[in-house]
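Student: Build me a model:
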Amino acid sequence: MAVTVKQGVDKMAAAMKQGVDKMAVTVKQGVDKMAVTVKQGVDKMTATVKQVVDKMAVTVKQGVDKMAAAMKQGVDKMAVTVKQGVDKMAVTVKQGVDKMTATVKQVVDKMAVTVKQGVDKMAAAMKQGVDKMAVTVKQGVDKMTATVKQVVDKMAVTVKQGVDKMAVTVKQGVDKMAVTVKQGVDKMAAAMKQGVDKMAVTVKQGVDKMAVTVKQGVDKMAATVKQGVDKMAVTMKQGVDKMAVTVKQGVDKMAATVKQGVDKMTAAMKQGVDKMTAAMKQGVDKMAATVKQGVDKMTAAMKQGVDKMAATVKQGVDKMTAAMKQGVDKMAATVKQGDVASGRRGRPPLLSQ
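Tutor: Numbers count the residues shown, from 1 in each chain. The predicted structure follows:
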């Protein structure tokens, strides 16, 4: 019976071993299926992670593009602001140049007015000098005329006095002759004395008439000389007046010429100021254009810098994405290897061995 029991036990043991072997095969098949499922899950997870990485890279690149665009817009706005500032500065400088030009022209105008006023004062002073000279000359003519008249009057008085003396002398001579004749003819008849007396009276009357005639001639001659002197004085005064008018006209012409010269000089100075102003404005425009060109170059350089920075960032994102994908691939491979190894390690040993 013991043998029978042992045989029964051996059969039962063999049957149990066969059952265990079947169960081990089944378990191994389940583990292999699970490993395939896990690997498929790892592959899906890896693909998902790579998609996320790609999306993240796209998002980062889009962010970089937006940031680059925003920076470029900022650069453009800054360039516009700088150019507007340059334009305003140019306008302000030009306005300052215009104010300076107006001030210089006002100074030139004031200087021209001052010079013209000086010319007018000089012309007025010269005219006053001419008037004073004319008055002085006229006063000299009047004095000379009065002197000549006084000389003529004195000469007439002297001539008249000489005539009177001559008449007295003649009368005295006639009286002496009459006395002599009377004495010489005392012996002659009374008729002859009376005839001599009558002759003496007649001669005296003739002498008086002659003296009157001579005095009248002297008065006429004096009057004629005085009239000539008056006419000469009038003529001289008229000549002085004409000369004064001519001199004044010359002074006016000279003043007008000087004023024209001042006007031409003023116009030339203003033209010079206008040319200087135009040159300064052109310089401001050139400076503004140069500054704007510099701003454009700086803007282009900054945009290029932004583009290079964006390209560098994108390259970095691409490298980082590739590195992350490689990391995901390595992790997936490690996971797969780990699953297989752990699956194999977890298999129960075959009881038949």
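Student: Excluding sequence neighbours, find me the nearest residue to residue 50.
Tutor: Closest residue in space to residue 50, ignoring its immediate chain neighbours: residue 325 at 5.3 Å, by CB to CB, 6 or more residues apart in numbering. Glycine gets a C-beta too; all of them are placed from N, C-alpha and C.
Student: Check whether the one you found really touches residue 56, as I assumed.
Tutor: No: contact criterion CB atoms under 8 Å: residue 325 and residue 56 do not qualify, at 11.2 Å.
Student: ok, back up a step: on contacts alone, who are the packing partners of the helix or strand where the residue nearest to residue 50 lies?
Tutor: Using DSSP states H and E, residue 325 falls within helix 190-345. Counting contacts by 3 or more CB pairs under 8 Å, 6 or more residues apart in numbering; DSSP states H and E, helix 190-345 packs against helix 2-184.
Student: and the helix it packs on with helix 190-345, angle?
Tutor: Angle of helix 2-184 versus helix 190-345, following axes from the mean of the first three to the mean of the last three CA atoms, to 10 degrees, is 180 degrees.
Student: State the mean pLDDT of the helix holding residue 325.
Tutor: Average pLDDT, helix 190-345: 82.
Student: what's the answer for stretch 51-62, then?
Tutor: Mean predicted lDDT for stretch 51-62 stands at 88.
Student: Next, the buried residues of that stretch.
Tutor: 53, 57, 60-61 (16 or more other CB atoms under 10 Å).
Student: Next: stretch 250-265.
Tutor: In stretch 250-265, the ones that count as buried by 16+ other CB under 10 Å are 251, 255, 258-259, 262.
Student: any idea how far residue 159 is from residue 102?
Tutor: From residue 102 across to residue 159, the span is 83 Å (CB to CB, to the nearest Å).
Student: neighbour-wise, which of these two wins?
Tutor: Neighbours around residue 102 and residue 159, counted as other CB atoms under 10 Å, are more numerous at residue 159. The numbers are 17 against 12.
Student: In the chain, which residue is most central in space?
Tutor: residue 101 (2.9 Å; CA atoms, centre = their mean).
Student: which residues does it contact?
Tutor: Contact analysis of residue 101 by CB atoms under 8 Å, 6 or more residues apart in numbering lists 273-274, 276-277.
Student: Let's see that with 7 Å instead.
Tutor: In this structure, residue 101 makes contact with 273, 277, judged by CB atoms under 7 Å, 6 or more residues apart in numbering.
Student: circling back: give me the number of residues near the residue nearest to residue 50?
Tutor: Other residues close to residue 325 by other CB under 10 Å number 16.
Student: if we can go back for a sec, and the pLDDT for the residue nearest to the centre of the chain?
Tutor: Listed pLDDT for residue 101 reads 86.
Student: quick revisit: can I assume the residue nearest to residue 50 is in contact with residue 52?
Tutor: No: with contact defined as CB atoms under 7 Å, residue 325 does not reach residue 52; the gap is 10.5 Å.
Student: just to revisit the earlier point, so how far is the helix holding residue 325 from its chain's centroid?
Tutor: What separates the centre of helix 190-345 from the centre of its chain is 13 Å, taken as CA atoms, centre = their mean, to the nearest Å.
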